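Engineer: build me a model from this:
(chains A and B)
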Amino acid sequence: MKKNNSWDIDIAISEIGFNSPYGTEINTFFSEAEANPVRSLILDDHDPQEYLKAKGQRFLNKATLIYCNTAFDAIHGRNLTKKIKKAPHRVGLYDGTELSNLDDCFVFDLTAKNQGPDRVSPMKSPSTIANAAASQMAIQAGIKGPNFSVCAGMAGSLQALDIASMHLRQDMIDYGVVASTEIRNDYQKAIRTGHQNKLNPSAELGISMILEHLESVEEDGRMPLAILKKMYSETHTDETTSLETHLYEMLSEIADSFYFDTVIISGGLSVIDTSSFENILGENNLDITVLYPESTFGDFDNVGGMLGIAYGISIFNDKNDYKTDHDNIVVLSVDKTGTIIYALIERGN
Amino acid sequence: MKRVVVTGMGIVSPLSCNKEIFWEKLLNGQSAVRDLTKLDPSSYKGTTRSAEVHLENEYRNTEVLDYFKPYGKAVSYAAAAVDMGLKDAGLEERITHKNNYGIILGTTNGNQDIVERIVDEWNLEMKHDTLNSTAAKNLTYFRPIELSASIAKFYNLGGTNMVIPTACAAGNYAIGTASSMIREGRSPIMIAGGADPFTRSCYTVFYRLGAMAKNDCRPFDEDRTGMVVGEGAAVLILEELEHALARGAKIYGEIKGYGLACDAYDPTAPDPEGSGATLSMNNALNASNIDIDSITYVSAHGTGTKANDAHEVKAMSNVFGKKIDSLYVNGIKSMLGHCMGAASAIEGISALLSLYNQQVPRNYNTDKIDESFNKTFHIQPSSKIENNVENVLSNSFAFGGNICSVIFSKYEKK
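Structural biologist: Numbering: from 1, shown residues only, chains lettered A, B, ... in the order given. Next up is the predicted model:
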């Protein structure tokens, strides 16, 4: 097999925005969500900082509201507002999404069928499409660069990061604002039931990251939180090889090129037989520690990849009980369709 | 930089599910717009027109049809289009060797028909009980990723797979993104296109927005009244040039570049100043290293709605300046309806067949350009461009102001 769909990159992650029932500080989420079992999965205050314009909010779905809040949070944290105003076409918005519109799709169709098409609100129609969140954010913030929503199941947020980093490399943008959200409702719960997903769901949350070239971070006298060194995606189609064996083979290949001792599987843990996976790693003497944050915090679904990166950054920054002195961590997301994406991140400071 | 060419195409459209017949009908000006049959027309006031696909009447590969039956209609449409595209490209129909070929598909809400199947089958009311286990299992097919991943599994495509839900611009998004990935050397072959089914929700959206044509779709015409809802799927087999040459593949054309932009204006209405479309076309021209004089014609988004067509003319005027006077602008939605996420991929096939066959599709139902544009352009191709098709700029616009323009070019050995 010709292995040329992995690519080396040097893209900085310069800021993180976050929101959850535990507040807007991501390390607080990691510490408190572990210590205090979730009383409610529901995020009541989608915009505590009041970034969003009040007009028209009632027509926006929850995923859109959380997306905009966290995207604004990262934009403010990185002081990008002036840069957006100066060159709105050089900033891209990216959303790693999957089921953000499911509830709206049901409500829209139930209304059309049961009450007739004339009773459907046309103002609700944008929310039935999964591009609603990034599109609304463009309107709110005046961002005119690429507006890119992408679905890759439980690997969705890493896919969005990959597209944004590709646009940076191809000089389509100077800054990528990448965000992903996870919301809870009965229809989403039904899909989890349909998949026989035994993991507890995580709390509702939103996470965003600013991607940019290393040079632009340094020009502003900042340090990157982490550096995206490599991203890779593929589809596991070979039914003669188990997913766990396949993942081991993939990690072995990465180990041929990079020093790392830590892998974070975040997004798709429900798909992996972890004991079988650990056995395969042990039998083959691959000396790595695999962390499974979803076993503590619940199923992150499409947000998993970005949460995994944030978890890795918390390790780099010594804000995690787990320690490593290596400079690289692999973050891996898997979907039950066989979609696999990983990011190799490097310590930013 | 690697060059990206198109070596195969597959289409499931209201006009035809056969590429050659599609092209013949397009050149002859045959329309697929008919009275609505997939929904009860009595629920909708006024004229109810649509452009529907009846795949089973035209496509006979039962292995594909049977395998994808539990999935949403868009998945079946796309799977059939991929089957036809792979055959057209001279590739194995179900690839047996390990590979890193990828698939990227665009859609509006490709699996919305799964929601509607559940609503209908369980006769759900506004307030209803939790879905039972059978309905819950069926609902798993709603996940957008099923559109690309199920096809990747079936055809054994081991590379990247993803779905881009950027609505009516999604096909071009997929084509542009796939071309970027080939340029980066990630994969020698990427399948890219778009798919959307006909759904109650989609029809209702445009009905409620008052965007539907009273009768025919008449892009840019002074008497245009709106768009016609369509459906379908289309895929291009994108290939790295050297890879295509090495296996002696037929080359329909080259993808020179693309541009992305956002209106950042309104969730459903385009920016009347055409700001996003202007940016997108300029980005595509810059990425392709092509100047406006080299564009043979524009394959317009041209939905036939008042707002879309006016803003597209404004944007073309911004990009082409005075040269818009001599520009041919082609809009094929008059014959196909608006096939949503598939629309720009179908228009991509039209552009590539135009480049390959050196023929130019004409406009139908466009008799007189709307004077309120304050701009004129050619609504029929001049003899100068017939047999001289070099570069086609294809526009696609979507809800949310998501915009993508792609430049398809005649393949030239260099």
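
Engineer: is stretch A:63-74 positioned near chain B?
Structural biologist: No - residues of stretch A:63-74 contacting chain B under Cβ under 8 Å from any Cβ of the partner chain: none, with a closest distance of 9.7 Å. All C-beta spots, glycine's among them, are computed from the backbone N, C-alpha and C.

Engineer: which residues touch that stretch?
Structural biologist: By Cβ atoms under 8 Å, 6 or more residues apart in numbering or on different chains, the residues outside stretch A:63-74 that reach it are A:15-19, A:24, A:43, A:46-49, A:51-52, A:57, A:60, A:93, A:95, A:97, A:100-101, A:127, A:132-134, A:136-137, A:140-141, A:177, A:179-181, A:183, A:204-210.

Engineer: filter these by proximity to chain B?
Structural biologist: A:93, A:97, A:101, A:132, A:134, A:136, A:141.

Engineer: burial count for the closest residue to the third one other than its chain neighbours?
Structural biologist: Beyond its immediate neighbours in the sequence, the residue positioned closest to residue A:101 (Cβ to Cβ, 6 or more residues apart in numbering or on different chains) is residue A:130, lying 5.0 Å away. The number of residues packed around residue A:130, counting by other Cβ atoms under 10 Å in any protein chain shown, is 31.

Engineer: which strands or helices does whichever helix or strand residue B:147 is part of pack on?
Structural biologist: Using DSSP states H and E, residue B:147 falls within helix B:145-155. Judged by 3 or more Cβ pairs under 8 Å, 6 or more residues apart in numbering or on different chains; DSSP states H and E, helix B:145-155 is in contact with strand A:226-235, helix B:73-88, strand B:102-106, strand B:161-164.

Engineer: close to chain A: what parts of the stretch 201-350 of chain B are there?
Structural biologist: Residues of the stretch 201-350 of chain B lying near chain A (Cβ under 8 Å from any Cβ): B:201, B:203-205, B:207-209, B:260-268, B:275-276, B:279, B:283.

Engineer: if we can go back for a sec, am I right that the residue nearest to residue A:101 is in contact with residue A:151?
Structural biologist: Yes - using Cβ atoms under 8 Å, residue A:130 is in contact with residue A:151, at 6.5 Å.

Engineer: quick one, what contacts residue B:211?
Structural biologist: Residue B:211 sits in contact with B:226-227, B:303, B:305, where contact means Cβ under 8 Å, 6+ apart.

Engineer: what of residue B:309?
Structural biologist: B:219-220, B:224, B:300, B:302-303, B:370, B:373.

Engineer: strands - which of those residues land there?
Structural biologist: Using DSSP state E, no member of those falls within strands.

Engineer: which strand residues bridge the nearest residue to residue B:283 once chain neighbours are set aside?
Structural biologist: Nearest non-adjacent residue to residue B:283, counting by Cβ to Cβ, 6+ apart: residue B:259, 2.7 Å away. Bridge pairing for residue B:259 (DSSP bridges) gives the partners residue B:405.

Engineer: pretty sure residue B:259 sits against residue B:282.
Structural biologist: Yes - in this structure, residue B:259 is within contact of residue B:282 by Cβ under 8 Å, at 6.7 Å.

Engineer: neighbour count: those two, which is higher?
Structural biologist: Set side by side, residue B:259 and residue B:282 show more neighbours around residue B:259, with 27 against 18, by other Cβ under 10 Å.

Engineer: next up, the contacts around the more buried one.
Structural biologist: Counted by Cβ under 8 Å, 6+ apart, residue B:259 has contacts B:279-287, B:404-405.

Engineer: buried subset of these?
Structural biologist: Burial by neighbour count, 16 or more other Cβ atoms under 10 Å in any protein chain shown: within the contacts of residue B:259 this picks out B:279-285, B:287, B:404-405.

Engineer: between the residues you listed, which is nearest chain A?
Structural biologist: residue B:279 (5.4 Å; Cβ to the nearest Cβ).

Engineer: next, give phi and psi for that closest one.
Structural biologist: phi -60, psi -50 (degrees, to the nearest 10).

Engineer: so it sits against residue A:144, correct?
Structural biologist: Yes - Residue B:279 lies in contact with residue A:144 (Cβ under 8 Å); the separation is 6.3 Å.

Engineer: what residues are shared contacts of the two?
Structural biologist: Contacts common to residue B:279 and residue A:144, judged by Cβ under 8 Å, 6+ apart, are A:89, B:261.

Engineer: tell me which element the residue of chain B most remote from its centre falls in.
Structural biologist: The outermost residue of chain B relative to its centre, with distances by Cα atoms, centre = their mean, is residue B:129 at 37.9 Å. Assigned by DSSP H and E, residue B:129 falls within no helix or strand.

Engineer: so the residue in the stretch 251-400 of chain B that chain A sits nearest to, which of the three states?
Structural biologist: Using Cβ to the nearest Cβ, the closest approach of the stretch 251-400 of chain B to chain A is made by residue B:400 at 2.6 Å. On the three-state scheme (DSSP: H, G, I helix; E, B strand; the rest coil), residue B:400 is labelled helix.

Engineer: got the contact list for the nearest residue to residue A:207 once chain neighbours are set aside?
Structural biologist: Computed as Cβ to Cβ, 6+ apart, the closest residue to residue A:207 that is not its neighbour in sequence is residue A:306, at 4.8 Å. Shown in contact with residue A:306 (Cβ under 8 Å, 6+ apart): A:96, A:157-158, A:161, A:178, A:180, A:207, A:209.

Engineer: among the helices and strands packed on helix B:145-155, which is the most enclosed?
Structural biologist: Using mean count of other Cβ atoms under 10 Å in any protein chain shown, the stretch among the helices and strands packed on helix B:145-155 with the largest mean neighbour count is strand B:161-164, at a mean of 34.

Engineer: check whether the helix or strand just after that strand comes near chain A.
Structural biologist: As assigned by DSSP H and E, the chain's next helix or strand after strand B:161-164 is helix B:170-183. Yes - in terms of Cβ under 8 Å from any Cβ, part of helix B:170-183 sits within range of chain A, namely B:173, B:177, B:180-181, B:183.

Engineer: nearest to chain A among those residues?
Structural biologist: Looking across the residues of helix B:170-183 next to chain A and measuring by Cβ to the nearest Cβ, the closest to chain A is residue B:180, at 5.9 Å.

Engineer: tell me where the chain has helices.
Structural biologist: In the absence of a named chain, this looks at chain A. A:26-35, A:62-77, A:81-86, A:102-114, A:132-141, A:156-169, A:186-194, A:214-219, A:243-257, A:274-283, A:293-297, A:304-316 (DSSP state H).

Engineer: wait, I meant chain B there
Structural biologist: Under DSSP H, chain B gives helices at B:19-28, B:55-58, B:62-67, B:73-88, B:112-121, B:133-139, B:145-155, B:170-183, B:200-208, B:241-246, B:275-288, B:306-320, B:333-336, B:343-357.

Engineer: need the winner for burial among those helices.
Structural biologist: For the helices of chain B, the highest mean count by mean count of other Cβ under 10 Å goes to helix B:170-183, at a mean of 29.

Engineer: and the angle from it to strand A:226-235?
Structural biologist: 110 degrees (axes from the mean of the first three to the mean of the last three Cα atoms, to 10 degrees).
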